[in-house]
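Asks: test case, fold it:
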Amino acid sequence: MKRIIPADRLNTVQEYYFSKKLREVAEMNAAGQNVISLGIGSPDLPPSEETIHTLSESAAKSDAHGYQPHVGLPELREAFADWYKRWYDVTLDSSKEIQPLIGSKEGILHISLAFLNPGDGVLVPNPGYPTYTSVSKMVGAKIHTYDLDENNNWQPDFEALENKDLSGIKLMWVNYPNMPTGANGSLELFEKLVAFGKKHGIIIAHDNPYSLILNENPLSIMQVEGAKDICIELNSMSKSHNMPGWRIGLVVANAQFISWILKVLSNIESGILKPMQLATIAALNNSDEWHRKNNIELYARRRKYAGEIMDVLGCTYDKNQVGMFLWGKIPDTLKSSEELADNILYNAKVFLTPGFIFGSKGERYIRISLCCNEDMLREALNRIKKLEE
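Replies: Purely as a prediction, here's the structure:
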């Protein structure tokens, strides 16, 4: 039999770090080692009662299980528009400027397929979400990294960007509140990004799933005048509404950009289950009280334990971080973030994320997820304390 080989694009990417590491953690747990995972940002609490009730009630109906239009229910798009107005004071045309997604991570692929030809340049942050790089590679784009530095509050160095050859750049990925660093965005930063994109004809793709977590002033890049001309924004129900496994997100942009993204999406997906869409509408209408309890107060309590873990490890961190992680710089005496993370995993049975997976500029950092209850965080702290004694 002739040897079967995979597509060349698989040579450009590796299995996602968390896919491999969580499999290892699962094997350790199966062997009875009881690892506490402070790795990924997967909320551990359920969505609101109204969300679950709406899903259950609508799923019981006999006519709720067929294929749905790729553009989503009009009521869902209207609810997303109302949500953007409520939290960001951004006005969107629900019929033309919003596209529901099966998760914002999938949206990274849709955007890349819609705008990038093989060989087109993509600006990707370092450190940054690994999927920006892996998807860009899979569509044959050319990666151009731009460094983020803690001395510049993890913001792009626009002077350095202007000194690059930008002639072949088509798209720039940005992400504020930033993952993995927890740095918040600002309207001033977004204004600079919009101006930069317009000046060079570079689409600014802003990934915005963390803006409601531990953040009293959530922002959208679409608040900037003229942003719709050059910007695309991804958002998600996963983090802010405790719906990571539901796979519901959205992309907002001008009508032309949305139509091109829809052309790609409609050839890949078959629409979102109707009960899921109806439940998402319920989630988008969560009360201010639900939001404060689940996205502000809960994570604030957990952050205290994460901070104590950083302190025990001798790591330094910015206390103004937002989002559902804590990002800390490891001591100069340690060889690498991977060595520290593996030591904690194998000897304290606590899984932390080494910063090197987010790029070379993350090598000297570790990240702690806040998606773990206070008892488990307290136990993780005690285990690490014993290891460090």
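
Asks: next one: residue 165 from residue 374, what distance?
Replies: Counting by CB to CB, to the nearest Å, the separation of residue 165 from residue 374 is 50 Å. To be clear about C-beta, it is placed using only N, CA and C from the backbone, and glycine gets the same treatment.

Asks: the more surrounded of these two?
Replies: residue 374 (12 against 8; other CB atoms under 10 Å).

Asks: does that one really touch residue 301, like I thought?
Replies: Yes - the pair residue 374 / residue 301 is scored as a contact, 6.1 Å apart, by CB atoms under 8 Å.

Asks: now list whatever residues contact both of the two.
Replies: Here residue 374 and residue 301 have no joint contacts, going by CB atoms under 8 Å, 6 or more residues apart in numbering.

Asks: can you give me the helices in this structure?
Replies: Assigned by DSSP state H, the chain shows helices spanning 17-30, 49-59, 74-88, 104-115, 130-138, 158-162, 187-200, 255-265, 274-284, 288-291, 298-312, 337-348, 374-388.

Asks: got those as a markdown table, with mean pLDDT and distance to residue 232 columns?
Replies: Listed next are the helices of the chain as a markdown table, based on pLDDT from 0 to 100; distance: least, CB to CB, whole Å:
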| stretch | mean pLDDT | distance to residue 232 |
| --- | --- | --- |
| helix 17-30 | 85 | 25 |
| helix 49-59 | 98 | 27 |
| helix 74-88 | 98 | 14 |
| helix 104-115 | 96 | 6 |
| helix 130-138 | 94 | 13 |
| helix 158-162 | 97 | 19 |
| helix 187-200 | 98 | 10 |
| helix 255-265 | 98 | 6 |
| helix 274-284 | 98 | 20 |
| helix 288-291 | 98 | 25 |
| helix 298-312 | 97 | 27 |
| helix 337-348 | 94 | 31 |
| helix 374-388 | 94 | 36 |
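
Asks: residue contacts, residue 378?
Replies: Residue 378 neighbours (CB under 8 Å, 6+ apart): residue 305.

Asks: next: residue 381.
Replies: By CB under 8 Å, 6+ apart, residue 381 lies in contact with 305, 308, 309, 312.

Asks: can we see that at 6 Å?
Replies: 305, 308, 309 (CB atoms under 6 Å, 6 or more residues apart in numbering).

Asks: neighbours of the nearest residue to the first one once chain neighbours are set aside, how many?
Replies: The reference is to residue 305. Distances taken as CB to CB, 6 or more residues apart in numbering put residue 377 closest to residue 305, at 3.8 Å, once the chain neighbours are dropped. The criterion is other CB under 10 Å. On that basis, residue 377 has 24 neighbouring residues.

Asks: same question, the one 10 residues further on
Replies: Residues near residue 387, counting by other CB under 10 Å, number 15.

Asks: just give the closest residue to it, not the sequence neighbours.
Replies: residue 348 (4.4 Å).

Asks: please report how far the one you found lies from residue 165.
Replies: Taken as CB to CB, the span from residue 348 to residue 165 is 47 Å.

Asks: for residue 229, same thing?
Replies: 24 Å.

Asks: same thing with residue 245?
Replies: Residue 245 sits 42 Å away from residue 165, going by CB to CB.

Asks: do the same with residue 117
Replies: 18 Å.

Asks: check residue 106 too.
Replies: Applying CB to CB to residue 106 and residue 165 gives a distance of 31 Å.

Asks: now swap in residue 50 and tell me
Replies: For residue 50 relative to residue 165 (CB to CB), the value is 52 Å.

Asks: walk me through the domains of the protein.
Replies: Following automatic domain parsing, one finds the domains of the chain at 8-46+289-388, 64-284.

Asks: for residue 55, find the nearest of the ones you listed.
Replies: Of all the domains of the chain, it is domain 64-284 that lies closest to residue 55, at 3.8 Å by CB to CB.

Asks: show me what contacts the residue positioned nearest the centre of the chain?
Replies: The centroid of the chain falls nearest to residue 209 when counting by CA atoms, centre = their mean (5.4 Å). Neighbouring residues of residue 209 by CB under 6 Å, 6+ apart: 104, 236, 239.

Asks: can we see that at 10 Å?
Replies: 41, 103-105, 129, 175, 177, 179, 234-240, 244, 249, 323-324 (CB atoms under 10 Å, 6 or more residues apart in numbering).

Asks: for residue 166, same thing?
Replies: Residue 166 neighbours (CB under 10 Å, 6+ apart): 121, 123, 144, 172, 196, 199, 200, 201, 202.

Asks: hmm, the last one is touching residue 171, no?
Replies: Yes - with contact defined as CB atoms under 10 Å, residue 202 and residue 171 form a contacting pair (6.6 Å).

Asks: compare the two and say which is more crowded by neighbours.
Replies: Higher neighbour count among residue 202 and residue 171: residue 171, with 23 against 20, using other CB under 10 Å.

Asks: and the more buried one, how far from residue 120?
Replies: For residue 171, the distance to residue 120 equals 7 Å [CB to CB].

Asks: okay, and the common contacts of the two?
Replies: Shared contacts of residue 171 and residue 120, counting by CB under 10 Å, 6+ apart, come down to 112, 136, 141.

Asks: is it correct that residue 323 is in contact with residue 207?
Replies: No - the pair residue 323 / residue 207 is not scored as a contact, 12.0 Å apart, by CB under 10 Å.

Asks: pull up the overlap in contacts between those two.
Replies: Shared contacts of residue 323 and residue 207 (CB under 10 Å, 6+ apart): 176, 178, 179.

Asks: pipe those residues into a markdown table and attach neighbour count and distance to residue 88 per row.
Replies: Output for the shared contacts of residue 323 and residue 207, formatted as a markdown table (neighbours: other CB atoms under 10 Å; distance: CB to CB, whole Å):
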| residue | neighbour count | distance to residue 88 |
| --- | --- | --- |
| 176 | 24 | 13 |
| 178 | 26 | 17 |
| 179 | 23 | 19 |
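
Asks: just checking, which of those residues belong to strands?
Replies: If you go by DSSP state E, these have nothing in strands.

Asks: sorry, back to before: tell me, what's touching residue 202 and residue 171 both at once?
Replies: 121, 122, 123.

Asks: so the last one bridges to which residues?
Replies: Residue 123 forms beta bridges with residue 144, residue 172, as assigned by DSSP bridges.
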